[in-house]
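**Q** Here is my input; please provide its structure:
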Amino acid sequence: MADVMLVGHCGPDAIMLKTVAQRALPGSSVELINDQEALDAALERDVVLLVNRELDGAFRTGRGGIDLIRHLDESAATAPMLLVSNFPEAQVEAEAAGAMPGFGKSNLYDDDTTQRLKDAASRYE
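**A** Residues are numbered from 1 along each chain as shown. Next up, the predicted model:
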């Protein structure tokens with residue numbers, strides 16, 4: 001089972017996302033990551049990355065989640081990445097940068113969101 005990494009999220013959003021991730025992927029661990037060192041360590045495991053559009057924390061790529069996705073894709077990171085953003089144009093840009101289809105905070109409890117998390121985790125089966 002893949003673990004879920006909440007990359008660049010604030011505390012209140014992390015609580016909501018943790019609930020959604022654990023409901024979609026029972027038994028998975030969910031961790032909040034707000035710095036590059038923790039992200040690099042997480043990438044050594046089977047993880048799904050839920051990347052915030054505007055990063056909260058200190059990452060090599062600055063504050064943009066799409067830039068982080070692009071950087072990880074170019075570095076040949078194999079972890080599935082999903083952008084968390086309500087903006088459709090950001091989702092399109094994230095997918096072009098190497099992410100799987102993501103979701104917005106306004107869609108956390110939708111069946112599509114659950115399925116996207118399951119699809120991402122299934123890459124490790």
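**Q** can you point me to the longest helix in the chain?
**A** helix 11-24 (DSSP state H).
**Q** That one packs against which elements?
**A** When contacts are defined as 3 or more Cβ pairs under 8 Å, 6 or more residues apart in numbering; DSSP states H and E, helix 11-24 sits against strand 3-7, strand 30-33, strand 47-52, helix 111-121. The C-beta positions use only the backbone N, C-alpha and C, and glycine is treated the same way.
**Q** what's it in contact with?
**A** 4, 6, 9, 28, 30, 32, 50, 52, 84, 105, 108-109, 113-114, 117-118 (Cβ atoms under 8 Å, 6 or more residues apart in numbering).
**Q** Who are the contact partners of the residue nearest in space to the middle of the chain?
**A** Centroid check for the chain by Cα atoms, centre = their mean gives residue 50 as the closest residue, at 1.1 Å. Under the criterion of Cβ under 8 Å, 6+ apart, the contact partners of residue 50 comprise 4, 5, 6, 7, 9, 17, 21, 82, 84, 102.
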